[in-house]
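> Return atomic coordinates for the entry below.
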Amino acid sequence: MFNTAKMAFLAALFAGVAGPVFAADLAEPPVVEEAPAPIAYEQPADFGGWYIRGDIDYHWSKFRGGDYITYGPGTNDFDAGKLKSAFSAGAGVGYQINQHFRTDLTLDWMSKSKFRGSTSGTCGDLLPCTSVDTSSYSALLLLANAYVDIGTWHGVTPYVGAGIGGAWLKWDTLHNTDRDGSFEHRGGKGWRFAYALMAGASYCLTDRVKLDVGYRYSHINGGRMFEYASGLGGTTGAGPGFDRGINVHEVRGGLRYQFGRSDCAPPPEPYQPEPEPIYTK
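Residues are numbered from 1 along each chain as shown. Modelled structure (predicted):
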C-alpha cells in the first residue's frame, strides 16, 4: 500500500509540473495578419463633350479669273483681276469625341474684299480699248469640319483638319469704265460649293478654355459674278459674267470653351481604398 500511495503521489506531482510545460509547448501565439497594401486604381481619361468656339481672321483672296459674254465677238475673259485682303469673324459648335478626334460646324462672315481688274475689247469707235473694272465681294462660309489632335507637348496640341460645305457669295455692283463711258452691272449672288483644309495648334488657358491659332485654306467654286447691263446713251454693255472661283488664305485665332471634361483639367486623384482593420485574439 505504501508503494501504491507513493506512486500516486509521484504521478500527481509529475502531472502538476509537466502539464503547464506541455501546454506552453503546444499553444502557439495568435497570428496577426497584415492588411494588404492599398491598391491605386487609375481613372480612365474621360475626355469629350460639347464645345463652342469663336474666331477672327485676316484673309487674302485670289481671283482665279473670269469670263463674260460679249455681243458680237462672243465670250471674252478678264485680262487681270486682284482682290484685296479683309477680315472675317465666325462661330461654331462642336463635339470632342475623344482625346484625338473632334468635329464641329462653323459659320464665318467674310467682310468685303475689294476687286480691281481690267478687260480688253473694242470701243464704239471700233478701236481697241481697255476698261477698268471695280467691285467687291463678301461671303458667308458654312462648313462641317473634322480634326485630328495629334498629341500634346508642353501644353501645346497641334492638329490638322478638313471641312466641306457651301458659301453664300455676293458680288457688289461691277463698275466698268472705258473710253465710251461708265457701265454698271448688277452683281451676282448665290450659294456655291466650298471646302477647306486647316492646320494649327491649341493651348490651355484655363481648365475649360483653349486658345486656338491656325491657318485655313478655303476654296469657293465659281459662279455668277455680274449681270448684263446697258451702257450710257443706249450703248450695249457686255454681260453676264462669271468668276472661276476664289481661293482664300486665312490666318485665324480664337477661343474654344469645353462643356464636357477637358484634357486641360488636372487628372482626378487616384482611388485609394480604405485599409482593412487589423484584429488580434
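> How much space separates residue 239 from residue 196?
Counting by Cβ to Cβ, to the nearest Å, the separation of residue 239 from residue 196 is 31 Å. Where you see a C-beta, it was placed from the backbone N, CA and C, and this is true even at glycine.
> which SS class is the nearest residue to residue 204 once chain neighbours are set aside?
Distance criterion Cβ to Cβ, 6 or more residues apart in numbering; nearest residue to residue 204, sequence neighbours excluded, is residue 264 at 3.6 Å. Put simply, residue 264 is coil when judged by DSSP: H, G, I helix; E, B strand; the rest coil.
> can you pull out the helices in the stretch 151-281 of the chain?
Applying DSSP state H, counting those that start in this stretch to the stretch 151-281 of the chain gives no helices.
> which residues of it score low on pLDDT?
230-237, 267-281 (pLDDT under 70).
> and with 80 instead?
For the stretch 151-281 of the chain, residues meeting the criterion pLDDT under 80 lie at 180, 229-239, 260-263, 265-281.
> Sketch out the strands for it, chain order is fine.
Remark: strands assigned in the stretch 151-281 of the chain by DSSP state E, counting those that start in this stretch are 156-171, 174-178, 181-185, 189-204, 209-220, 223-226, 241-243, 246-258.
> Quick one, which of those strands gets closest to residue 79.
Of all the strands of the stretch 151-281 of the chain, the one in closest proximity to residue 79, counting by Cβ to Cβ, is strand 174-178 (12.5 Å).
> Give the partner strands of the closest one in its sheet and their orientations.
Note on strand 174-178: by DSSP bridges, its sheet partners are strand 128-149 (antiparallel), strand 181-185 (antiparallel).
> List the buried residues for the longest one?
Within strand 128-149, the residues that qualify as buried by neighbour count (16 or more other Cβ atoms under 10 Å) are 131, 133, 135-143, 145, 147, 149.
> Now flag whichever of these is closest to residue 116.
residue 133 (7.3 Å).
> The closest one and residue 222, how far apart?
17 Å.
> again with residue 155
Distance of residue 155 to residue 222, computed by Cβ to Cβ: 43 Å.
> my read: residue 197 touches residue 162, true?
Yes: with contact defined as Cβ atoms under 8 Å, residue 197 reaches residue 162; the gap is 5.4 Å.
> Direction included, what does the helix or strand hosting residue 106 pair against?
Take DSSP states H and E as the rule and residue 106 turns out to sit in strand 101-122. Strand 101-122 has these partner strands in its sheet, going by DSSP bridges: strand 80-83 (antiparallel), strand 86-96 (antiparallel), strand 128-149 (antiparallel).
> chain center to it, what's the gap?
Averaging C-alpha positions (Cα atoms, centre = their mean, to the nearest Å) puts strand 101-122 21 Å from its chain's average.
> Quick one: mean pLDDT for it?
On average, the pLDDT along strand 101-122 is 94.
> and the angle for that strand with strand 156-171?
Orientation check (axes from the mean of the first three to the mean of the last three Cα atoms, to 10 degrees): strand 101-122 against strand 156-171 gives 40 degrees.
> Make 44 the starting number, not 1.
In the new numbering, first residue 44, that becomes strand 144-165.
> tell me which residues in strand 144-165 are buried?
Buried residues in strand 144-165, counted by 16+ other Cβ under 10 Å: 145, 147, 149, 151, 153, 156, 158, 160, 162, 164.
> Using PDB, write down the CA coordinates of that strand.
Extracted C-alpha coordinates of strand 144-165, given in PDB (Å, rounded to 0.1, in the frame of the first residue of the first chain):
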ATOM      1  CA  PHE A 144     -10.700  63.400 -82.700                       C
ATOM      2  CA  ARG A 145     -13.400  66.100 -82.800                       C
ATOM      3  CA  THR A 146     -15.900  67.700 -85.200                       C
ATOM      4  CA  ASP A 147     -17.700  71.000 -85.400                       C
ATOM      5  CA  LEU A 148     -20.000  73.100 -87.600                       C
ATOM      6  CA  THR A 149     -18.800  76.600 -88.200                       C
ATOM      7  CA  LEU A 150     -20.200  79.800 -89.900                       C
ATOM      8  CA  ASP A 151     -17.900  82.600 -90.900                       C
ATOM      9  CA  TRP A 152     -18.800  86.000 -92.200                       C
ATOM     10  CA  MET A 153     -16.100  87.300 -94.700                       C
ATOM     11  CA  SER A 154     -16.200  91.100 -94.900                       C
ATOM     12  CA  LYS A 155     -15.900  92.900 -98.200                       C
ATOM     13  CA  SER A 156     -12.800  92.300-100.300                       C
ATOM     14  CA  LYS A 157     -12.300  94.900-103.000                       C
ATOM     15  CA  PHE A 158     -11.800  93.800-106.600                       C
ATOM     16  CA  ARG A 159      -9.900  95.600-109.300                       C
ATOM     17  CA  GLY A 160      -9.500  94.200-112.800                       C
ATOM     18  CA  SER A 161      -9.200  95.000-116.500                       C
ATOM     19  CA  THR A 162     -10.700  93.800-119.700                       C
ATOM     20  CA  SER A 163      -9.800  94.400-123.400                       C
ATOM     21  CA  GLY A 164     -12.200  94.900-126.300                       C
ATOM     22  CA  THR A 165     -13.400  97.300-128.900                       C
END
